[in-house]
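> Output the structure for:
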Amino acid sequence: MFWSKNQKISEETRAVSVQCQTEAEQLYRSGKYHCAEAVLEVARRHFAAQLPESIVGTVSGFGGGSSSGCICGAVSGGTVALGLILADKKETTHLTKELHTWFKEKYGVTCCKTIRQTHKGACPVLTGEVAGKIAEMLGR
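Predicted coordinates:
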């Protein structure tokens, strides 16, 4: 069964989403994690704690738009998180599309280089927002 993006979320899910948003932004701002790593680490902590923290290293190359400037690392990290947490390929595909659509509606593009030009300094905030969105989608 696919989740509807228009489905209401519970207060508990909303609280987890806000917590994930806050944690991911803090991790990014700490300098220990970049965007993709922060999103994946927060998703791991809240939804797949059985996975080792070392799994976060699998997305280390995604920071700064995979070092080439395109696709936002936070979106990439979120996509990986969905794939690791969900057992169903169709659900993962559906929610990945929803994530990309939501992000494009919010920022206009998913290209890191463009976002950093048009939304200067937004990376810590958008990293948190992506982590919150992932939590919201997984909590529905």
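> What helices and strands are in contact with the helix or strand of the chain with the lowest mean pLDDT?
Using mean pLDDT, DSSP states H and E, the weakest-scoring helix or strand in the chain turns out to be helix 63-64, at a mean of 88. With contacts defined as 3 or more C-beta pairs under 8 Å, 6 or more residues apart in numbering; DSSP states H and E, helix 63-64 has these neighbours: helix 35-47. Placement of C-beta: from N, CA and C, glycine included.
> averaged over its residues, what pLDDT does the helix it packs on have?
For helix 35-47, the mean pLDDT works out to 98.
> Using CSV, write out every CA atom in it.
Only the C-alpha atoms of helix 35-47 are listed here, as CSV (Å, rounded to 0.1, in the frame of the first residue of the first chain):
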residue,chain,number,x,y,z
CYS,A,35,24.0,17.2,4.5
ALA,A,36,23.6,13.6,3.3
GLU,A,37,25.3,12.2,6.4
ALA,A,38,23.2,14.2,8.8
VAL,A,39,19.9,13.1,7.1
LEU,A,40,20.9,9.5,7.0
GLU,A,41,22.2,9.5,10.6
VAL,A,42,19.0,11.0,12.0
ALA,A,43,16.9,8.5,10.0
ARG,A,44,19.1,5.7,11.2
ARG,A,45,18.8,6.8,14.9
HIS,A,46,15.0,7.1,14.8
PHE,A,47,13.9,4.4,12.3
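> starting at the chain centroid, how far to that helix?
Chain-centre distance of helix 35-47: 7 Å, with C-alpha atoms, centre = their mean, to the nearest Å.
> Understood, closing this out.
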